[in-house]
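[1] Pasted the sequence and its predicted model underneath.
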Amino acid sequence: MKPVCVLGNGQLGRMLRQAGEPLGIAVYPVGLDAEPDALPIAQSVITAEIERWPETALTRELADHPAFVNRDIFPRLADRLTQKQLLDQLNLATAPWQLLAEKSEWPQVFASLGELAIVKRRTGGYDGRGQWRLRADETEALPDECYGECIVEQGIHFSGEVSLVGARGQDGRTVFYPLTHNLHQEGILRTSVAFPQADPTQQTQAEAMLSAIMHELNYVGVMAMECFVTPEGLLINELAPRVHNSGHWTQNGASISQFELHLRAVLGLALPQPVVFAPSVMVNLIGTALNRDWLQQPLVHLHWYDKEVRPGRKVGHLNLTDSDSARLTAALKALVPMLPPEYASGIAWAVEKF
């Protein structure tokens, strides 16, 4: 079995490595400043946990690597302009948008898109960074350097946010997990809830959209698609060409995790439909110190990233899975006093789903 080198050595690369161990797959998450000669690059399949990267000795080496899966797709999806253009090309529903090139365009922007404009940097923004929610009297808050480097979207009135995590194999076969319900606060995913059976209309629409994207790109591996739920159906918000935060529940709530599924796909291994056997909840741990008391709860699976704890930083997550909704609800409520106060609303939101 060929080893897999993962460009990027954050928590996603770490969890890919963990998923490879039981299968006898050697996975090497590598930092961007790693020396190419120190890694088995020539014999490896190359994947990435990040969408964009600077030029380094390692990335120059990988630029021409024949087994860098999806290499040319990453920059296309890392730029929100070219990502949106792809969705438009495929006639897939998304929020009305345009490139924001000059300050003089603001009157036309609000006339076209409505009273609330969502401005997003074309590249680099994540977890709410590089984004602004602006009304007509607030546009001076946008830094001058953003013009030409941002898109602007219509502010959407949505009833919820969901994501679809799926994978496509080398033979074009696709498999999907049930839609995940997500709660974001200040642009950061706080809590996810997934059920074995999703709303069939939403699931069918989401699978059709993500299938169209992956087939158009000839993509191989796991991809995530975040959507807004509206009365007219799902609107695609963003795409992530990699394993995704909202799919972390699959580590304990599915027969095959998203991390194992990605390794199977890029290595050309069997890609069966994952079985989801019970409702699952994922609680993101953000800027929160490790608390061993979490382990008192029999349903809690702790995934700690061993990173320095800083405000706003994802340092781990908790997965809970149980077919007994009352027991799962009780376990979630028992976590509340063990976590900082800001977690209470996200856990209450999850409890309301049952």
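    Received it, and whenever you're ready, just let me know what you need. Predicted model, so just to flag it, every value in this text is computed and none were measured.
[2] C-alpha from now on. contacts and neighbour counts both.
    Noted.
[3] All the helices of the chain, in order from the start?
    11-20, 57-62, 73-78, 80-89, 106-113, 200-217, 250-253, 258-267, 325-335, 344-352 (DSSP state H).
[4] Compare these and give me the one nearest residue 33.
    helix 57-62 (6.6 Å; CA to CA).
[5] From the chain's centroid, how far away is that closest one?
    Here helix 57-62 shows a centroid-to-chain-centroid distance of 25 Å under the convention CA atoms, centre = their mean, to the nearest Å.
[6] Put the alpha carbons of it into PDB.
    These are the backbone C-alpha positions of helix 57-62, laid out as PDB (Å, rounded to 0.1, in the frame of the first residue of the first chain):
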ATOM      1  CA  ALA A  57      10.600  24.100  -1.200                       C
ATOM      2  CA  LEU A  58       8.000  21.400  -0.400                       C
ATOM      3  CA  THR A  59       5.200  22.900  -2.400                       C
ATOM      4  CA  ARG A  60       7.500  23.500  -5.400                       C
ATOM      5  CA  GLU A  61       8.400  19.800  -5.200                       C
ATOM      6  CA  LEU A  62       4.800  18.800  -5.100                       C
END
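[7] Any stretches of this protein with poor pLDDT?
    Low-confidence segments of the chain (pLDDT under 70): 125-128.
[8] Skip the chain neighbours and tell me the closest residue to the residue most central in space within it.
    Geometric centre of the chain, nearest residue: residue 244, 3.2 Å, by CA atoms, centre = their mean. Using CA to CA, 6 or more residues apart in numbering and skipping the chain neighbours, the partner closest in space to residue 244 is residue 224 (6.2 Å).
[9] and that neighbour, what is it in contact with?
    163-166, 239-244 (CA atoms under 8 Å, 6 or more residues apart in numbering).
[10] for residue 31, same thing?
    Neighbouring residues of residue 31 by CA under 8 Å, 6+ apart: 7-9.
[11] and if you look at residue 26?
    Residues in contact with residue 26 (CA under 8 Å, 6+ apart) are 2-4, 17, 20.
[12] Quickly note the distance from it to residue 6.
    Residue 26 sits 11 Å away from residue 6, going by CA to CA, to the nearest Å.
[13] In the stretch 101-250 of the chain, mark out all the strands, start to finish.
    117-121, 131-134, 150-154, 160-168, 174-176, 180-185, 188-194, 221-230, 233-240 (DSSP state E, counting those that start in this stretch).
[14] Out of these, the one nearest residue 324 is which?
    Checking these against residue 324 by CA to CA gives strand 188-194 as the closest, at 13.9 Å.
[15] For that closest one, what is the distance to the chain centroid?
    Mean C-alpha position of strand 188-194 versus that of the full chain (CA atoms, centre = their mean) differs by 11 Å.
[16] Then stretch 251-259?
    Per CA atoms, centre = their mean, the centroid offset for stretch 251-259 relative to its chain is 15 Å.
[17] same check, this time on stretch 81-90
    18 Å.
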